[in-house]
Structures are given as C-alpha cells and as structure tokens.
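1. Dropping the sequence and predicted coords here.
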Amino acid sequence: MSNERVSQEELTKKRTPSELWNWLLQKVDQICSTDEGIEDFRLQKGLVKQLVEEVVPLAIFGKHKFGDTDQILMEPVIGNQSYDAVVTDLRTKPASQSYIEITQSHEGENNYWRRRQLLTNGYVFPYAPVIKKGTKKNRTVSIAPKATPVEERVKSELGRILDAVQKKEHIDYPTNTSLIIFFDDMPPFQRVIDNKSLDSFVTNKILNLDLRFSALYLVGREVFREFSLVKRT
C-alpha cells in the first residue's frame with residue numbers, strides 16, 4: 001500500500017532541524033529508489049502527500065530559521081488541528097512552544113495534472129495552460145509544450161502566493177502560530193524579483209490583510225523571508 005512508503009510514526013517524530021532535514025533526504029531517496037516509489041512520490045499517494053506538502057517546507061524552514069542547533073525540536077502534526085507542526089524551544093526556561101501552519105502556493109487541481117504529466121513524459125511545462133475536456137468521469141487533460149516568458153512566470157507565482165495567503169484571512173489560530181507559504185522559487189525567479197522587490201510585494205499586498213498569525217514566512221528552496229505580524233495576546 002502507498003501509506004507504507006512512510007509511516008505516521010516516523011512522519012510525526014520530534015527532531016532537531018538538522019535531524020529532520022537529513023531524515024527527509026534519506027526518506028525521499030528511499031521512496032524514489034523504485035519506479036513504484038517514484039509514482040507514489042510524484043502523485044503524492046497516501047502519507048507521501050503530507051511528506052511533500054508539509055514536511056518538506058517545514059524542513060527547509062527549520063534549516064534557514066534555526067540552523068544546526070539541538071535546542072529546537074520540530075514535530076509535524078497529522079489530523080484536524082489548526083496547525084501543521086509544533087516547535088519546542090529548549091533555549092528558554094521553561095521550554096516554550098509555538099505552532100506552524102503550512103500552505104502551498106500551487107494552483108490546486110491543475111498541480112496534480114502537471115505532476116501526472118511529469119510522471120508520464122518525464123517533463124512538464126509548469127506555467128502552460130492545462131486543457132481539460134469531457135466530464136469528470138470521462139476527462140482528457142493535456143498540457144501544451146509551451147514556454148512562458150520569465151516575467152509572466154514570476155507574476156503568476158506572486159499571484160499564487162497572494163491567493164494562498166488570502167485563504168488564511170479572518171481565521172483564528174492558536175496564539176503564537178506562524179504561517180509558512182511554500183512557493184516555487186526555481187530559476188529564474190530570483191533573477192527577476194530580488195529580496196527587496198519580494199519584500200515590497202508582501203508589504204503592499206499582504207501585510208494589510210486580516211492574518212491572525214504572529215509571523216509570516218515565504219519559503220522556497222532557496223528564498224527565505226520573514227515578516228512579523230501583529231502579535232495576538
């Protein structure tokens with residue numbers, strides 16, 4: 001079964017940031033060591049979905065935010081809680097806890113069809129139109145091999161970030177909860193919009209929204225930006 005690729009017990013184990021990062025790399029290598037595992041990984045079957053959508057952003061966040069300290073423990077959470085991870089800070093006495101909510105800046109269902117084409121063809125154009133025909137039970141989907149201008153790609157990604165953030169507006173979260181938006185910063189993103197421009201986008205488009213978090217983080221594979229929000233008491 002797909003769920004056997006990763007167990008809930010190992011997925012939710014408390015780890016330091018470096019332990020979580022190293023375990024993630026080993027687990028992905030293990031899953032993708034067979035053709036069946038590659039299919040499960042790309043289609044995000046079973047708990048692999050939580051691994052990709054929550055643990056990957058959390059591990060990258062931990063690497064940037066906390067480095068190699070052994071005084072931070074990060075614990076992914078599975079279930080209906082209003083957060084996706086608990087962070088325990090052993091640097092304080094007594095130890096303190098904070099919470100992390102994680103969301104993606106992808107395009108919903110179309111993201112699935114892109115991953116399926118990547119699995120089938122070995123490539124996919126990430127910003128080309130997804131064309132659907134027929135009914136849900138008898139549907140054909142195609143993605144044209146169409147390149148997208150760099151500026152348009154970056155504009156689309158910023159729009160996806162804004163859409164992801166807006167879905168979190170007006171929602172109460174536990175005190176001391178931070179929001180991670182995980183987004184695609186693959187080249188040439190950083191050649192078009194540098195950190196100063198990205199910060200300006202957040203200031204003008206996001207920080208005035210009704211976000212009930214203590215902090216906002218934009219996390220890519222390389223980009224890491226932190227923004228303080230009005231802290232709730």
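-> That came through, no problem.
2. Specify the helix with the largest residue count in this structure.
-> Under DSSP state H, the helix in the chain containing the largest number of residues is helix 150-166.
3. tell me what that helix is packed against?
-> strand 177-182, helix 189-192 (3 or more Cβ pairs under 8 Å, 6 or more residues apart in numbering; DSSP states H and E). Every residue, glycine included, has its C-beta placed from N, CA and C.
4. Now do the contacts for the spatially most central residue of the chain.
-> Centroid-nearest residue in the chain, with Cα atoms, centre = their mean: F182, separated by 3.5 Å. Each residue near F182 by Cβ atoms under 8 Å, 6 or more residues apart in numbering is listed here: E53, V56, P57, I60, I102, T103, Q104, S105, V219, G220.
5. I figured the third one hits S105, correct?
-> No. At 10.5 Å, P57 and S105 do not qualify as touching, with contact defined as Cβ atoms under 8 Å.
6. Who has more neighbours out of those two?
-> Ranked by neighbour count (other Cβ atoms under 10 Å), P57 and S105 place P57 first, with 24 against 21.
7. Just give the number of residues close to Q104.
-> 20.
8. where do the helices sit along the chain?
-> Secondary structure of the chain (DSSP H): helices at 8-11, 17-31, 35-43, 48-50, 56-66, 109-121, 150-166, 189-192, 195-205.
9. and A144, which of those is closest to it?
-> helix 109-121 (10.7 Å; Cβ to Cβ).
10. which of the residues in that closest one are buried?
-> Y112, W113, R114, R115, R116, Q117 (16 or more other Cβ atoms under 10 Å).
11. How about stretch 74-81?
-> Result for stretch 74-81 [16+ other Cβ under 10 Å]: buried residues M74, E75, P76, V77.
12. which of the buried residues of helix 109-121 sit farthest apart?
-> Y112 and Q117 (9.9 Å).
13. According to the record, where do the domains of this structure fall?
-> For the chain, automatic domain parsing gives the domain ranges 2-106+169-228, 109-148.
14. tell me how far the first one is from the chain's mean position?
-> Between the centre of domain 2-106+169-228 and the centre of its chain there are 6 Å (Cα atoms, centre = their mean, to the nearest Å).
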